[in-house]
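1. Here is my input; please provide its structure:
(one chain, ligands or ions: 2)
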Amino acid sequence: MTHIIETHQLTKAYNSLKAVDKLDITVESGEIFGLLGPNGAGKTTTISMLCTILKPTSGTATVNGFDIVKEAMQVRKSIGIVFQDPSVDDRMTGRENLLMHANLYGVPTSEQNNRINNVLKLVELEERADDLTRTYSGGMRRRLELARGLIHYPKVLFLDEPTIGLDPQTRDHVWKYVRELKEAHDITVVLTTHYMDEADRLSDRIAIMDYGKIIALDTSSKLKETLEGDVITVKADNLEALLSVITEKMGLQKAHMVDDALEITVQNGKSLLPRIVDMATQNKIYVESIRLREPNLEDVFLHYTGRTIRPDTTKELHGLAEARRRAAAR
Ligand SMILES: Nc1ncnc2c1ncn2[C@@H]1O[C@H](COP(=O)(O)OP(=O)(O)OP(=O)(O)O)[C@@H](O)[C@H]1O
Ligand SMILES: [Mg+2]
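-> Ligands and ions are numbered 1, 2, ... in the order given. The predicted model follows:
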């Protein structure tokens, strides 16, 4: 297999802030590569450099074998982009938007109509193609953007949060197209998303990014295996007390507070469930609910960073046990 993307110590600095910090990644031809990370991790900056929109401060990268700085034109011809902020022109129809892009990307005139009809069909916008984009719904606009990113049959498609703000049904739709594309045209897809379940279902491999660096990179199942266990979620009337019972009396060190629950990563989850309830009761803690689940990517992120990935919770959420574990490891 060939590497369709390679980065070598790729770095983007804004004064003292390293938005992307010595990134070394390779993406295989034909894979769906997911970039996952919290706000400000450096995902958009990485994609912008690979798309030649931003110049790296140092380091190099190639896309489809072309250097992103020295051969920017060839890189641009190799890629399609769908960005975080919608950018279709409201005053044109869907078809006109696509035609403009076909010209911009040098699609031969004789092929333009054919390709436009193809991509319109792919994103199911044929019937609305001749309406002004202004009259489209958010999901339809996003689908038009996707169609636009594909008009020149790119080797690599970059998708930066293409489903943000869309309802679950439309999100599913968008991803269905992405998968079909990958299969039918052997396109490599690099995507970023905040939706962990999406990254999980879609990506062949996932890179977890934090503070400009890759902190873990593998298939979703391998990443979860690194946690070595299941996750127990407990809700109780006194979580602080329960946390100290679990860490001190039961010796379970991988325990964190997450929102209004306690999450404990353990190896023998089933046998521990009743013991946790017993210990809680003995210590006059009332357990409201307790359940066992398999680890998800959120747990993987928490495991590597001690923080939650979700954009709506920025405060540090790792529990006492985690803090102690880290202190002990120093
Ligand atoms: N033009 C700029 N000037 C200064 N700092 C910048 C600039 N662009 C980005 N940054 C900083 O670089 C870091 C990475 O930003 P980036 O947009 O790549 O994050 P992201 O992972 O895409 O986040 P999000 O999930 O919010 O989209 C952030 O700290 C951001 O504030
Ligand atoms: Mg971003």
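2. Going by C-alpha atoms from here, please, whenever you check contacts or count neighbours.
-> Noted.
3. Would you mind measuring from Ser87 to Leu239?
-> When distance is defined by CA to CA, to the nearest Å, Ser87 is 46 Å away from Leu239.
4. what about those two, which has more around it?
-> For Ser87 versus Leu239, neighbours defined as other CA atoms under 10 Å are more numerous around Leu239 (18 against 11).
5. pretty sure Ile25 contacts His8?
-> Yes: with contact defined as CA atoms under 8 Å, Ile25 counts as touching His8 (7.3 Å).
6. can you list the domain ranges for this protein.
-> According to automatic domain parsing, the chain comprises the domains 3-223, 227-329.
7. what sits against Ile25?
-> The neighbours of Ile25, taking CA atoms under 8 Å, 6 or more residues apart in numbering as the test, are 5-8.
8. out of the residues you listed, who's nearest Val156?
-> Nearest to Val156, judged by CA to CA, of the contacts of Ile25 is Ile5 at 8.9 Å.
9. tell me the contacts of the closest one?
-> Ile5 is in contact with 25-28, 61-65, counting by CA under 8 Å, 6+ apart.
10. who wins for neighbours among these?
-> The most crowded member of the contacts of Ile5, judged by other CA under 10 Å, is Val63 (26 neighbours).
11. Neighbouring strands - and their directions - for the biggest strand by length in the chain?
-> For the chain, the strand with the greatest residue count under DSSP state E is strand 3-14. Paired neighbours of strand 3-14 in the sheet (DSSP bridges): strand 17-23 (antiparallel), strand 26-28 (antiparallel), strand 58-63 (antiparallel).
12. want to try TSV for those strands, with distance to Leu191 as columns?
-> Output for the strands paired with strand 3-14, formatted as TSV (distance: least, CA to CA, whole Å):
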stretch	distance to Leu191
strand 17-23	16
strand 26-28	12
strand 58-63	15
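13. So for ligand 1, which of these sits nearest?
-> Minimum separation from ligand 1 across the strands paired with strand 3-14 (CA to the nearest ligand atom) falls at strand 17-23, 4.0 Å.
14. Contacts for stretch 294-302 next, please.
-> 196-197, 200, 208, 220, 223-224, 226-227, 229-231, 307-309, 318.
15. what sits against the residue in the stretch 201-330 of the chain that ligand 1 sits nearest to?
-> Proximity of the stretch 201-330 of the chain to ligand 1 (CA to the nearest ligand atom) peaks at Gly212, 6.9 Å away. Counting by CA under 8 Å, 6+ apart, Gly212 makes contact with 18-21, 23, 41-43.
16. For burial, what's the neighbour tally of the nearest residue to it once chain neighbours are set aside?
-> Of all residues not flanking Gly212 in the chain, Val20 sits nearest, at 3.9 Å (CA to CA, 6 or more residues apart in numbering). By other CA under 10 Å, the residues close to Val20 number 28.
17. Surely Val20 and Lys12 touch.
-> Yes: with contact defined as CA under 8 Å, Val20 and Lys12 form a contacting pair (5.0 Å).
18. Mind naming the longest helix for this protein?
-> Longest helix in the chain, counting residues (DSSP state H): helix 168-185.
19. If I take the helix or strand following it and helix 168-185, what angle do their directions form?
-> In the C-terminal direction, the helix or strand that comes right after helix 168-185 (DSSP states H and E) is strand 188-192. Orientation of strand 188-192 against helix 168-185 (axes from the mean of the first three to the mean of the last three CA atoms, to 10 degrees) gives an angle of 160 degrees.
20. Now do the buried residues in the next helix or strand after strand 188-192.
-> Once strand 188-192 ends, the next helix or strand along the chain (criterion: DSSP H and E) is helix 196-202. By neighbour count on 16 or more other CA atoms under 10 Å, the buried set for helix 196-202 is 196, 198-200, 202.
21. And the strands in the stretch 51-200 of the chain, which stretches?
-> All strands of the stretch 51-200 of the chain, identified by DSSP state E, counting those that start in this stretch, fall at 58-63, 66-67, 79-82, 156-160, 188-192.
22. try the stretch 201-330 of the chain
-> 205-210, 213-218, 230-236, 255-258, 261-266, 287-293.
23. Pick the most deeply packed of those strands.
-> A comparison of the strands of the stretch 201-330 of the chain by mean neighbour count, using mean count of other CA atoms under 10 Å, puts strand 205-210 on top with a mean of 24.
24. what's the angle from it to strand 17-23?
-> Angle, strand 205-210 to strand 17-23, by the same axes, to 10 degrees: 140 degrees.
25. and strand 205-210, which strands flank it?
-> Short version: by DSSP bridges, strand 205-210 pairs with strand 32-36 (parallel), strand 213-218 (antiparallel).
26. if we can go back for a sec, now that we have the strands of the stretch 51-200 of the chain, can you turn them into TSV and tack on distance to Pro274?
-> Below are the strands of the stretch 51-200 of the chain laid out as TSV (distance: least, CA to CA, whole Å):
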stretch	distance to Pro274
strand 58-63	53
strand 66-67	58
strand 79-82	49
strand 156-160	44
strand 188-192	40
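27. Let me have those strands in JSON lines, extended by mean pLDDT and distance to ligand 1.
-> Output for these, formatted as JSON lines (pLDDT from 0 to 100; distance: least, CA to the nearest ligand atom, whole Å):
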{"stretch": "strand 58-63", "mean pLDDT": "98", "distance to ligand 1": "15"}
{"stretch": "strand 66-67", "mean pLDDT": "97", "distance to ligand 1": "20"}
{"stretch": "strand 79-82", "mean pLDDT": "88", "distance to ligand 1": "13"}
{"stretch": "strand 156-160", "mean pLDDT": "92", "distance to ligand 1": "8"}
{"stretch": "strand 188-192", "mean pLDDT": "93", "distance to ligand 1": "8"}
